[in-house]
Every structure is written in structure tokens, then in C-alpha cells.
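Asks: Make a model of this:
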Amino acid sequence: MDKKLFSERDICTKFITPALENAGWDRLKQFREEVNFTDGRIVVRGKLSTRGKKKRADYILYFKPNIPIGIIEVKENNQEVGTGMQQGLEYADILNLPFVFSTNGNRFLFHDKTNTDNIENEIELDNFPSPEMLWEKYLKFKGILNEDSKHIVEQDYFFDGSGRAPRYYQQNAVNLTLEAIAKGQNRILLVMATGTGKTYTAFQIVHRLWKSRTKKRILFLADRNSLIDQTKRGDFKHFRDKMTIVQKRQVDKSYEIYLAIYQGLTGNEEDKNIFKQFSHDFFDLIVIDECHRGSAKEDSAWREVLNYFKSATQIGLTATPKETEEVSNSEYFGDPIYTYSLKQGIDDGFLAPYQVIRVSLDIDVEGWRPEKEKKDKDGNVIEDRIYNRKDFDRTLVIDERTVVVAKKVTEFLTNTSRFNKTIVFCRDIDHAERMRSALATMNSDLMAQNHKYVMRITGDNDEGKRELDNFIDPEQTYPVIATTSELMTTGVDAQTCKLIVLDTEIGSMTKFKQIVGRGTRVNEEFGKLYFTIMDFRNATDNFADPTFDGDPVRIKVIDENTPADDDFEDENIDIPEDENIEDKKVVEPKGSYDPPSPFTSKKTKSEKIYINGVDVTILNSRELYFDKEGKPITISLKDYTKDLLNEKYDSLDHFLNLWKNSDRKNAIIQELAEQGIMVEELLQSVNKECDLFDIICHVAFDQKPLTRKERANEVKKRNYFAKYGEQARNVLSALVDKYADEGVETIESMEVLKLNPISEYGSPVEIVKTFGGREQYLTALRELENEIYSIA
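Replies: A predicted model of the protein is given here:
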């Protein structure tokens, strides 16, 4: 049979796989076919979400499982041997691979990054290099030259039999770390976005080093007990009786893996610095979780722990490295050896994208000045000045402002789902309690069913802290809404959190990223594919900062009548770096004060003023959109879209030909959405009764748009169905009606045959047989689409 007639898959099966096996590659352990290494970006359209295209390699070559070294891109035989090379090189950069092969089934084009003198050459199918040959080249390229170093990087990954395997970026982080240690590097920084599995990555690093006996005693350091408990119960559980938690200031030197919080090892008094009960060289390896916190500060007590064990290899993990004049991760650890950002995670579909609703209150924007002799709730005259957003809930509390915020949050949940997990970030504990009360009042019906519907979860409140595990457990319904200040800003694995409310000033980019990270986890089983940020304090101005890399899908500014559905100063109070925090206690801004003495008329600076009787409303404002690079669109949505479309399509004829010749119109729609065209918003702004074909013709080429119903009626007038039998005519007529109601995406799916009224004409198999078979049915459907779009 002529090789040019073979499909890409036939080429793989008949030529490439045999070539690999003949060269000594183990089919079970050393190469995988059709590897999807991303999940496909989640594309949000209104309240609906879909997955974009996954990145898929035809073959990935491994020296050992999870230690990849090469990639093969395969094309059909009627294409050139090097046609797949550019795609292969792009994937190789993502996967950190030095060897790239492109083939059409005749021979291979080999791109060898380790050989700069002869970087590309063609090789015959029967001359494919063996695993040992490529591995030796790989080790030399990486500078791993002696047997001890090879022993480290060749150590197997941990497998527990569950089928769980590291994602590509976790492999990159683990393998690069072991390679760095094999070459003698003792300070290592890994930057991985919140929700990307830093602890699992750390476990694989620790286990491989421990198993190879390169590192025999290991300390895992965090700054909160909850993070240590989570680590022990979660990814590190496989160490079993080799592992202990350092607690109650007791030291047992018989273990190999130690978990501890800084605060449990250090103290203000010398006898509380129990880390000094270990010898300087006791630990071979220290892993520092959330290393952007205390350890980044040179003069902190936490850094003292790291300096004491300076002979140990130290690995810093963080989602948000700190770089300021006083605090630096890179000065201590060096530049990151690997970074996997929030933007990459969202693009790959491993992290949830987000929509942003901006809400501006009149007193926040315009400020508030008390009328003459206005008194607070204690009967004291309020100082006459203009109070602004930074004062509210810090020095001045306006009851009505809290009520308006709670009302808007409740309205959003009512329009989406009242049982969507929600975190409300407040200024301090006092503010979190008042917000809890306001939300409870707004949702009194659900509070009557279960008083845990709204709960304050702050460091000072034992009842709330006990419910933290239930809040983050996808299986648990309650609590639904958590009001908080500091406790939930970091280390809370809230997989199903769908709404984050910002009603606090956030002056730190590190803290902002951590808070956004509370919502970025994906949980498809529970329908969590994206989340919403509702911002009352303009905290989302941070998205415009070049140091923030995860761009919003959409930012929507709303006024009082818009239904809520789908200048910073360092005033926020972080956990003090040297504070002694034990038993899950987090130092939070209290925001409370003692009642004034009857003998004093003036309030001290730390006291808050509590007032009511102030009219608070939501201002009129406009809707904002951000492009796919995260830059604000300053022109109209139609003009922005027109520019994008004119870049993609040279002319109306060019677009019409592409549309007509496409077997699946939905593929074009999906591609446009992935390129930053806001399909749903565009339909809403032009005419939601049209489909995207007419919107593009109208916006890009100034054609008059027709509605779907108008197009359907034109098809029926032309008596196009006459050439078919009665049953087929009935099906096609029903498909036209479906198109008019729901659009072309619906009729292109075979699932449409199960829907009324089409299902009345038989089962999908019976309907397809009416046309003579599946291919004939699809041909009839394509002809129907051509009739629908014949008027351009």
C-alpha cells in the first residue's frame, strides 16, 4: 500500500514504534504515545466554561519513568520530514528536553541541542539512537560527569500504585533540582504558583534524595501548624514511621524526616531555641515551604535557623518570591532554577481562570465628611475631616457600608448558587465579625437551616478554626461563606472556592497573589472550573502591575442597578515575622478597642469610631475588558474585536472560504475564543439572536447581520429539503429549528439527535440510517450549514 495514503496514526504504528523498539527502547517504560501534557485552557463564556485544545506530543522518550529526554513529532507521509520540527521544538522548550525528532515515516530529522556544531541532521529509521546513547549525551550536556552524580539523577520516582504521576512542570522542577544538587548546588529556589502542587513536588524531591541515601536526615519547615498537619496527612504520609513532627519543644533524634514550624524551633529566650539541640550538621537537607515569609528577611529569627544548619542543602518553595530593599529570596537562595507561574498554569488548564467584578461605593470614591456636630454611636462628636476608603473599617466604621457590601455579595450568590463556597477578606477581626453578622442577616433563611452557613474563620476564634477543614473539604456543604482577615490568606487548599470577596486594602503584591491563589484550584468533579473575584477596594489594580502574571478573563465594573452575577500603601498587617505562633494561632489585626473612660472625651489613636445613619450607594460605572495579555482595552469592544479579526482574516472572502470549508464551525469559534475574542460579550453587545458568523461579518466587514431565525426562515423558503425522503426532511427541518434556537454548535454535536423534537423520529442510530449511514448524515449536515450561510 502506498505510504502516502497512511494516516498519521498508521505511520506511528507501522514505522515509528518499530524503529524505537529496534533501537532498544522499552515500550512500557521508555516511551509514551499521544501524550497530553496539558489539560487545555479553561475558556469562560458567561456562566459556561469549556476546555481549549490540549498540547499533545506524538511521542515522549524517557530514560526512566518521569525522566524525559526527547520528543518525536510525526506527520503524514505526504509532508516533508521536517514539517513537525517547529512544533517539536516548542514542546521541547516547555518540557525542558534537549532531543527533538521530526518524521514523516521515511526517516527522522534529529535536532540535538547538545551538539552545537551539528545541531540538525537526518537519520534513517534503522539508525535511531539507543536510550543509553541519548542518556550519555544528556548527562554530558547537563554537566553530570561522575558516578555519584549519576546515582542521584537516576534514582526512581516514588509510585504508590494509585496511578498518580507528576505533571510535566512538576517533573521539570524535580529533575532540575536533583541535577542541581548532583552538581553541588546547596541553595535552590523553586517558584510555583499556588495550587500547582508544591508539596507533592517537594515530596518527590525528598523521597528520591532520601531513597538514594544522598540525604539521610531531612527537615521540612513551614510557618503554620495547619501546613505541617496537611503535609503529614497528605503527600508525606508515605514516610510513615520514619517521620515525626517537632512539637511541644521536644526533640527526638531517632527519626529521618522531621516536620516543624519555625515558631516551634525558635523563641525570644535562648532556652526556647530548641533547634540548637541538634548539631549543626544533623540535617543534610532542609525544605522551606512558603519561603517568601520569615526566612526571606536577613535579620529574622527564622533566618537564624537556616544559618545554623548552613551545611545542609536548602530548597526554598514559594508562589510569590519577595524582592524588596529589606527582603530578598534570590539574595539568599540565588535565582530560581525553575518557575511555573500562575499565567502558565491558567494557559495549561491546570489552574482556574477568574472573572473580576469591580464595585465602587460612593463614599469610597468621593470620600465622606460628617455633617456639623455629627456624633458617633457613643455620643462623641466626630472629627470634621474627609474620610476615605483607607479609613473605612480601620479607623472609621460605617454600618451601612458593611450592609451594602453584604447585600451585593448575597445578590451575586443568589444569581449563581447560594451554596458556592465564598471567602470574604476583611480589614481585621472586628470587620470580619461585623461582615459575618451582616451576611447572616441577609441570608437568615439559610442560617435558620444551619447556623454554620456563614462563619468567621480567624486566628482568635476556636469555633471558626475548627470549621476550616470542613470549609475546604469539597464533600462538606457547610460552612458556605467564610469571613476572615489573615488566617485564610495562605496555605488554605480551598478546591471548590468559587467567589473571593476583597473588602480590605492590599498593599503587598505577595499577599495579593496569595489571596488570588485561594481560588485557582480546579475541581471538575464538583464543577469548579473558574472563580469570581468581587472587589470593593480596587485591590485588583494589582492586575495591571507587571509583577503580576495571571491575567483576568474579564473585569466588570458594576453600578447599583447592575445585577451581580457571574494607590496602595502598606497598611495591611501581615503575620509578624518573628512572632511566636503555635497551635494554629495566627496574629491578626484585632480592630477592637476598650470602651472609653467616662473621664476622657478624646479617643486614642488606635480606637475606631463607629457610626450609622450614612447613605451609602453604588456609583454608576462602566464595564471594562482585558485582552489576553492582561492589558486593559481602552477602545470599544467592537473596535478591539475588529482589529483582532482584521489581523486574522485578510478579507471577507478569506473568512467566508474558511467558514464554508470548515467541517466543524465550532472549531473556528473555539479558536477565536482562545485568541482573545470575547465571543459571549460580543454577542451580547451586538445582538445575541445572531450567531458568531454574522457578528464577525458585521464587526469586521460592515455586513448587515441576520438573526438565526432569519437565516432559518430563508432555508425553509428555498425548499432545500425536497431531495430527501420524508423522515430525513423532518429531521433536517427540526435541525434548522434547533439552529434558530441555540446556534450552530448545538446541531454539530451528535448529542442533538437525542433531544426533542428530533428524538421523536427514532434513536440516533435509526436517524443516521435514514440518511444511509453516519458519513451520509454528516454530509447532509454540512450541506445544511452551507444553505444556512449561503447569504453572506
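Asks: Show the subsequent helix or strand relative to the helix or strand of the chain with the lowest mean pLDDT.
Replies: Scoring the helices and strands of the chain by mean pLDDT, DSSP states H and E places strand 554-558 at the bottom, with a mean of 55. Once the chain leaves strand 554-558, the next helix or strand it forms, by DSSP states H and E, is strand 609-611.
Asks: residues of that following strand that come out buried?
Replies: 609, 611 (16 or more other CB atoms under 10 Å). For every residue, glycine as well, the C-beta is placed using N, CA and C.
Asks: roughly how far is the very next helix or strand once past it from the heart of the chain?
Replies: Using DSSP H and E, the next helix or strand after strand 609-611 towards the C-terminus is helix 637-648. The chain centre lies 27 Å from the centre of helix 637-648; the measure is CA atoms, centre = their mean, to the nearest Å.
Asks: I'd like the average pLDDT over helix 637-648.
Replies: Averaged across helix 637-648, pLDDT comes to 72.
Asks: and that helix, C-alpha only, in PDB?
Replies: C-alpha atoms of helix 637-648 as PDB (Å, rounded to 0.1, in the frame of the first residue of the first chain):
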ATOM      1  CA  LEU A 637     -15.200  46.200  22.400                       C
ATOM      2  CA  LYS A 638     -16.300  46.200  18.800                       C
ATOM      3  CA  ASP A 639     -13.300  48.200  17.600                       C
ATOM      4  CA  TYR A 640     -10.900  46.000  19.600                       C
ATOM      5  CA  THR A 641     -12.500  42.900  18.100                       C
ATOM      6  CA  LYS A 642     -12.400  44.400  14.600                       C
ATOM      7  CA  ASP A 643      -8.600  44.900  14.900                       C
ATOM      8  CA  LEU A 644      -8.100  41.300  16.000                       C
ATOM      9  CA  LEU A 645     -10.300  39.900  13.200                       C
ATOM     10  CA  ASN A 646      -8.600  42.000  10.600                       C
ATOM     11  CA  GLU A 647      -5.300  40.600  11.700                       C
ATOM     12  CA  LYS A 648      -6.600  37.100  11.300                       C
END
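Asks: And that helix, what does it pack against?
Replies: For helix 637-648, the packing partners by 3 or more CB pairs under 8 Å, 6 or more residues apart in numbering; DSSP states H and E come out as helix 679-686, helix 692-701.
Asks: So what's the model's average confidence on the first one?
Replies: This points to helix 679-686. 68.
Asks: Likewise for stretch 158-169?
Replies: pLDDT averaged over stretch 158-169 gives 90.
Asks: Now do the buried residues in it.
Replies: So for stretch 158-169, counting by 16+ other CB under 10 Å, buried means 158, 166, 167, 168, 169.
Asks: out of those residues, which are inside helices?
Replies: 168, 169 (DSSP state H).
Asks: Reformat the buried residues of stretch 158-169 into TSV and put distance to residue 427 next to each item.
Replies: TSV is the format used below for these (distance: CB to CB, whole Å):
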residue	distance to residue 427
158	44
166	40
167	37
168	41
169	36
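Asks: Which single one of the buried residues of stretch 158-169 is nearest to residue 213?
Replies: residue 158 (15.0 Å; CB to CB).
Asks: Then residue 33 would be within a strand, right?
Replies: Yes. Residue state for residue 33 (DSSP: H, G, I helix; E, B strand; the rest coil) corresponds to a strand.
Asks: so it sits right up against residue 12, yeah?
Replies: Yes. With contact defined as CB atoms under 8 Å, residue 33 counts as touching residue 12 (6.4 Å).
Asks: ok, the two, which is more surrounded?
Replies: residue 12 (21 against 17; other CB atoms under 10 Å).
Asks: How about the more buried one, nearest residue that isn't a chain neighbour?
Replies: residue 74 (5.4 Å; CB to CB, 6 or more residues apart in numbering).
Asks: do the same with residue 158
Replies: residue 207 (4.5 Å).
Asks: Helix, strand, or coil at the one you found?
Replies: Under three-state DSSP, residue 207 comes out as helix.
Asks: Could you double-check that it lies in contact with residue 156?
Replies: No. Between residue 207 and residue 156 there is no contact under CB under 8 Å: 9.3 Å.
Asks: which of those two has more neighbours?
Replies: residue 207 (21 against 13).
Asks: Next up, the contacts around the residue nearest to residue 158.
Replies: Going by CB atoms under 8 Å, 6 or more residues apart in numbering, residue 207 touches 157, 158, 238, 239.
Asks: State the distance from the second one to residue 320.
Replies: Put plainly, it is residue 158. 28 Å (CB to CB, to the nearest Å).
Asks: Likewise for residue 120?
Replies: From residue 120 to residue 320 the distance is 40 Å (CB to CB).
Asks: cool, and residue 773?
Replies: With CB to CB as the criterion, residue 773 and residue 320 are 57 Å apart.
Asks: ditto for residue 368
Replies: From residue 368 to residue 320 the distance is 34 Å (CB to CB).
Asks: pLDDT below threshold where in the stretch 451-600 of the chain?
Replies: Low-confidence segments of the stretch 451-600 of the chain (pLDDT under 70): 490-491, 546-547, 549-600.
Asks: Apply 80 and report the result again.
Replies: Along the stretch 451-600 of the chain, the model assigns pLDDT under 80 to residues 487-493, 510, 543-600.
Asks: Mind pulling the model confidence for residue 286?
Replies: Reading off the model, residue 286 has pLDDT 94.
Asks: On the three-state scheme, it is what?
Replies: Criterion first, three-state DSSP; result for residue 286: strand.
Asks: for it, what are its contacts?
Replies: If you count contacts by CB under 8 Å, 6+ apart, then residue 286 has 218, 219, 220, 221, 306, 309, 312, 313, 314, 315 around it.
Asks: now residue 479
Replies: Counting by CB under 8 Å, 6+ apart, residue 479 has contacts 452, 453, 454, 455, 457, 467, 470, 471.
Asks: neighbouring contacts of the helix or strand containing the last one?
Replies: Assigned by DSSP H and E, residue 471 belongs to helix 468-472. The contact list for helix 468-472, computed with CB under 8 Å, 6+ apart, reads 226, 421, 452, 455, 457, 476, 478-479, 482, 487-488, 492-495.
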